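**Q** dropping a prediction and its sequence here:
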Amino acid sequence: MAFKSLNEFYKEQKEKVRIKGDFEVRDLRNGEWFWVHKKILELYAPKIGSVGIAAYNALCYFANNKSQKAFPSQENLALKAGCSRISVIRAIKRLKENKLIKIEYNKGKVNIYKLLKI
């Protein structure tokens, strides 16, 4: 019975992903993936540090595909980045200073972060 379930799972996966040759191509349309520009690692990693990279990835995770806006709380960013809230605050400051994000401050509410073109 478990073998049949595995076959059904594989069949569903084949329908979701185009298969060429012996490798599968990622299907980005279903919202399970996000992209981070290579320049983030190549140019900005030394400036923003590992927590900055983690915070930027967390913002990418939360960002809307079209608008590139995200509005997670600092606590949620910290959870996704695997660090403290204070570390996220410092990382967000470095991301802003390096013109990687723009912040719309909302007094008493969560901020809106916009990922900027690199």
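**A** That came through, no problem. Numbering: from 1, shown residues only.
**Q** okay, now the unreliable bits of the protein?
**A** Along the chain, the parts satisfying pLDDT under 70 run over 1-31.
**Q** packing partners of the top helix by length along it?
**A** The single longest helix within the chain, with elements called by DSSP state H, is helix 45-62. Where contact means 3 or more Cβ pairs under 8 Å, 6 or more residues apart in numbering; DSSP states H and E, helix 45-62 is packed against helix 74-81, helix 85-97, strand 112-115. For the C-beta atoms, the positions are set from N, CA and C on the backbone; glycine is no exception.
**Q** next SSE after it?
**A** Elements were assigned by DSSP states H and E; along the chain past helix 45-62, the next helix or strand is strand 69-70.
**Q** and for that following strand, what's in contact with it?
**A** Contact partners of strand 69-70, identified using Cβ atoms under 8 Å, 6 or more residues apart in numbering, comprise 59, 62, 63, 64, 112, 113, 114, 115.
**Q** who does that strand pair up with?
**A** Paired neighbours of strand 69-70 in the sheet (DSSP bridges): strand 112-115 (antiparallel).
**Q** which parts of the partner strand are buried?
**A** Going by neighbour count (16 or more other Cβ atoms under 10 Å), the buried part of strand 112-115 is 113, 114, 115.
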